[in-house]
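Enquirer: I'd like to go over a predicted model; first the sequence, then the structure.
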Amino acid sequence: RRALANELLDQADYARGRIEAGIALLDDPKVLKAFTLANTAMASSGRQRMGVQKGKAPAEVEAPTWRPFQLAFLLLNLKGIVDPTHDERKTVDLLFFPTGGGKTEAYLGLAAFTLLWRRMSNPGVSGAGVSVLMRYTLRLLTFDQLGRAAALVCALELERQ
(Lines give C-alpha, C1' and ligand atoms only; values in the text may rest on other atoms or scores of the structure.)
Protein backbone atom coordinates (compact mmCIF):
# COMPACT_ATOMS: atom_id res chain seq x y z
CA ARG A 1 0.00 0.00 0.00
CA ARG A 2 2.92 2.32 0.60
CA ALA A 3 3.96 2.11 -3.07
CA LEU A 4 0.44 3.02 -4.19
CA ALA A 5 0.26 5.86 -1.66
CA ASN A 6 3.59 7.23 -2.91
CA GLU A 7 2.41 7.01 -6.54
CA LEU A 8 -0.78 8.91 -5.70
CA LEU A 9 1.19 11.55 -3.80
CA ASP A 10 3.51 11.94 -6.80
CA GLN A 11 0.52 12.40 -9.09
CA ALA A 12 -1.01 14.96 -6.72
CA ASP A 13 2.30 16.83 -6.65
CA TYR A 14 2.43 16.79 -10.46
CA ALA A 15 -1.12 18.22 -10.61
CA ARG A 16 -0.15 20.89 -8.05
CA GLY A 17 2.77 21.87 -10.27
CA ARG A 18 0.47 22.17 -13.28
CA ILE A 19 -1.94 24.36 -11.31
CA GLU A 20 0.95 26.57 -10.17
CA ALA A 21 2.12 26.87 -13.78
CA GLY A 22 -1.39 27.97 -14.77
CA ILE A 23 -1.43 30.59 -12.02
CA ALA A 24 1.99 31.84 -13.13
CA LEU A 25 0.71 32.18 -16.71
CA LEU A 26 -1.83 34.72 -15.48
CA ASP A 27 1.09 37.15 -15.09
CA ASP A 28 1.03 37.39 -18.89
CA PRO A 29 -1.44 40.22 -19.71
CA LYS A 30 -2.75 38.41 -22.80
CA VAL A 31 -3.40 35.18 -20.87
CA LEU A 32 -5.02 37.14 -18.04
CA LYS A 33 -7.29 38.94 -20.51
CA ALA A 34 -8.44 35.67 -22.09
CA PHE A 35 -8.95 34.15 -18.63
CA THR A 36 -10.91 37.19 -17.43
CA LEU A 37 -13.09 37.30 -20.54
CA ALA A 38 -13.75 33.55 -20.27
CA ASN A 39 -14.86 34.05 -16.67
CA THR A 40 -17.06 36.99 -17.68
CA ALA A 41 -18.72 34.94 -20.43
CA MET A 42 -19.21 31.98 -18.07
CA ALA A 43 -20.84 34.24 -15.48
CA SER A 44 -23.07 35.81 -18.11
CA SER A 45 -24.25 32.48 -19.49
CA GLY A 46 -24.70 31.10 -15.96
CA ARG A 47 -26.83 34.07 -14.96
CA GLN A 48 -28.89 33.69 -18.14
CA ARG A 49 -29.48 30.00 -17.39
CA MET A 50 -30.40 30.58 -13.76
CA GLY A 51 -32.61 33.53 -14.71
CA VAL A 52 -34.64 31.33 -17.03
CA GLN A 53 -34.90 28.61 -14.37
CA LYS A 54 -35.98 31.07 -11.65
CA GLY A 55 -38.14 33.28 -13.88
CA LYS A 56 -35.97 36.33 -13.21
CA ALA A 57 -33.93 38.72 -15.30
CA PRO A 58 -30.28 37.64 -15.55
CA ALA A 59 -29.18 40.82 -13.74
CA GLU A 60 -31.31 39.78 -10.74
CA VAL A 61 -29.51 36.45 -10.40
CA GLU A 62 -26.41 36.17 -8.24
CA ALA A 63 -23.20 35.63 -10.18
CA PRO A 64 -22.08 32.00 -10.18
CA THR A 65 -18.83 31.03 -8.49
CA TRP A 66 -16.28 28.36 -9.29
CA ARG A 67 -16.02 25.24 -7.19
CA PRO A 68 -12.39 24.53 -6.24
CA PHE A 69 -12.06 21.51 -8.54
CA GLN A 70 -13.44 23.53 -11.48
CA LEU A 71 -10.95 26.32 -11.01
CA ALA A 72 -8.15 23.79 -10.53
CA PHE A 73 -9.17 22.07 -13.78
CA LEU A 74 -8.98 25.35 -15.68
CA LEU A 75 -5.64 26.33 -14.20
CA LEU A 76 -3.94 22.97 -14.66
CA ASN A 77 -4.86 22.99 -18.35
CA LEU A 78 -3.83 26.56 -19.21
CA LYS A 79 -0.20 25.74 -20.06
CA GLY A 80 -1.22 23.10 -22.59
CA ILE A 81 -3.67 25.48 -24.25
CA VAL A 82 -1.32 28.46 -24.41
CA ASP A 83 1.73 26.51 -25.61
CA PRO A 84 0.85 24.22 -28.56
CA THR A 85 4.19 22.41 -28.24
CA HIS A 86 3.85 21.62 -24.52
CA ASP A 87 3.97 17.95 -23.49
CA GLU A 88 0.76 18.33 -21.47
CA ARG A 89 -1.17 18.41 -24.73
CA LYS A 90 -0.67 14.64 -24.76
CA THR A 91 -2.36 14.33 -21.34
CA VAL A 92 -6.05 13.57 -20.95
CA ASP A 93 -7.57 14.80 -17.70
CA LEU A 94 -10.69 12.99 -16.54
CA LEU A 95 -13.30 14.85 -14.50
CA PHE A 96 -15.17 12.28 -12.45
CA PHE A 97 -18.01 13.68 -10.37
CA PRO A 98 -21.65 12.71 -9.90
CA THR A 99 -24.37 14.29 -12.02
CA GLY A 100 -24.85 17.89 -10.98
CA GLY A 101 -21.31 18.13 -9.63
CA GLY A 102 -20.15 20.87 -12.01
CA LYS A 103 -18.23 19.00 -14.71
CA THR A 104 -19.97 20.87 -17.53
CA GLU A 105 -19.02 24.29 -16.21
CA ALA A 106 -15.42 23.14 -15.77
CA TYR A 107 -15.00 22.02 -19.37
CA LEU A 108 -17.05 24.90 -20.77
CA GLY A 109 -14.83 27.34 -18.87
CA LEU A 110 -11.80 25.73 -20.47
CA ALA A 111 -13.52 25.80 -23.86
CA ALA A 112 -14.25 29.52 -23.42
CA PHE A 113 -10.60 30.21 -22.60
CA THR A 114 -9.47 28.10 -25.57
CA LEU A 115 -11.75 29.94 -28.02
CA LEU A 116 -10.67 33.33 -26.71
CA TRP A 117 -6.99 32.41 -26.66
CA ARG A 118 -7.09 31.14 -30.23
CA ARG A 119 -8.81 34.27 -31.52
CA MET A 120 -6.51 36.59 -29.56
CA SER A 121 -3.38 34.74 -30.68
CA ASN A 122 -4.45 34.39 -34.32
CA PRO A 123 -6.55 37.36 -35.41
CA GLY A 124 -8.45 37.09 -38.66
CA VAL A 125 -8.99 33.95 -40.69
CA SER A 126 -6.10 32.07 -39.04
CA GLY A 127 -8.05 32.15 -35.74
CA ALA A 128 -11.14 30.59 -37.30
CA GLY A 129 -11.97 26.92 -37.50
CA VAL A 130 -12.57 24.14 -35.00
CA SER A 131 -11.09 24.81 -31.57
CA VAL A 132 -13.08 22.46 -29.36
CA LEU A 133 -14.71 19.08 -29.93
CA MET A 134 -17.45 17.87 -27.59
CA ARG A 135 -18.76 14.34 -27.54
CA TYR A 136 -21.80 13.25 -25.56
CA THR A 137 -22.41 9.59 -24.85
CA LEU A 138 -25.91 9.90 -23.41
CA ARG A 139 -28.60 11.23 -25.73
CA LEU A 140 -30.58 12.57 -22.77
CA LEU A 141 -27.72 14.93 -21.90
CA THR A 142 -27.14 16.14 -25.45
CA PHE A 143 -29.85 18.81 -25.52
CA ASP A 144 -28.92 20.19 -22.10
CA GLN A 145 -25.23 20.29 -22.98
CA LEU A 146 -25.95 21.82 -26.38
CA GLY A 147 -28.02 24.55 -24.77
CA ARG A 148 -25.32 25.34 -22.24
CA ALA A 149 -22.60 25.41 -24.89
CA ALA A 150 -24.76 27.58 -27.17
CA ALA A 151 -25.43 30.01 -24.29
CA LEU A 152 -21.69 30.26 -23.69
CA VAL A 153 -20.96 30.92 -27.37
CA CYS A 154 -23.64 33.64 -27.36
CA ALA A 155 -22.11 35.18 -24.22
CA LEU A 156 -18.68 35.11 -25.89
CA GLU A 157 -20.12 36.81 -28.97
CA LEU A 158 -21.69 39.53 -26.82
CA GLU A 159 -18.29 40.06 -25.16
CA ARG A 160 -16.64 40.27 -28.57
CA GLN A 161 -19.10 42.91 -29.71
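Expert: Great, that's in hand. Since the model is a prediction, treat every value here as computed from it, not as a measurement. Numbers count the residues shown, from 1 in each chain.

Enquirer: which residues of this protein score low on pLDDT?
Expert: 137-138 (pLDDT under 70).

Enquirer: max-length helix in it?
Expert: helix 29-54 (DSSP state H).

Enquirer: Only the buried residues of that one, if you could.
Expert: Of all the residues in helix 29-54, those buried under the rule 16 or more other C-beta atoms under 10 Å are 31, 34-35, 37-50. The way it works is simple: take the backbone N, C-alpha and C, and place the C-beta from them, glycine included.

Enquirer: One more: stretch 80-100?
Expert: For stretch 80-100, by 16+ other C-beta under 10 Å, it's Gly80, Ile81, Val82.

Enquirer: picking up where we left off before, can you list contacts of the next helix or strand after the longest helix of the chain?
Expert: Counting by DSSP states H and E, the next helix or strand C-terminal to helix 29-54 is helix 68-82. For helix 68-82, contacts defined as C-beta atoms under 8 Å, 6 or more residues apart in numbering pick out 15, 18-19, 21-23, 25-26, 28, 31, 35, 66, 86, 88-89, 91, 93, 95, 97, 102, 105-107, 109-110, 113-114, 117.

Enquirer: In helices, which of the residues you listed fall?
Expert: 15, 18-19, 21-23, 25, 31, 35, 105-107, 109-110, 113-114, 117.

Enquirer: Check the separation of the first and last residues in stretch 84-98.
Expert: 31 Å (C-alpha to C-alpha, to the nearest Å).

Enquirer: From Val52, how far off is the nearest residue to Arg18 once chain neighbours are set aside?
Expert: Nearest residue to Arg18, sequence neighbours excluded (C-beta to C-beta, 6 or more residues apart in numbering): Leu76, at 4.0 Å. Distance of Leu76 to Val52, computed by C-beta to C-beta, to the nearest Å: 31 Å.

Enquirer: For the helix or strand containing Ala12, report the contacting residues that lie outside it.
Expert: For Ala12, the element it lies in under DSSP H and E is helix 2-25. Residues from elsewhere that reach helix 2-25 (C-beta under 8 Å, 6+ apart): Val31, Ala72, Leu74, Leu75, Leu76, Asn77, Leu78, Lys79, Val82, Glu88.
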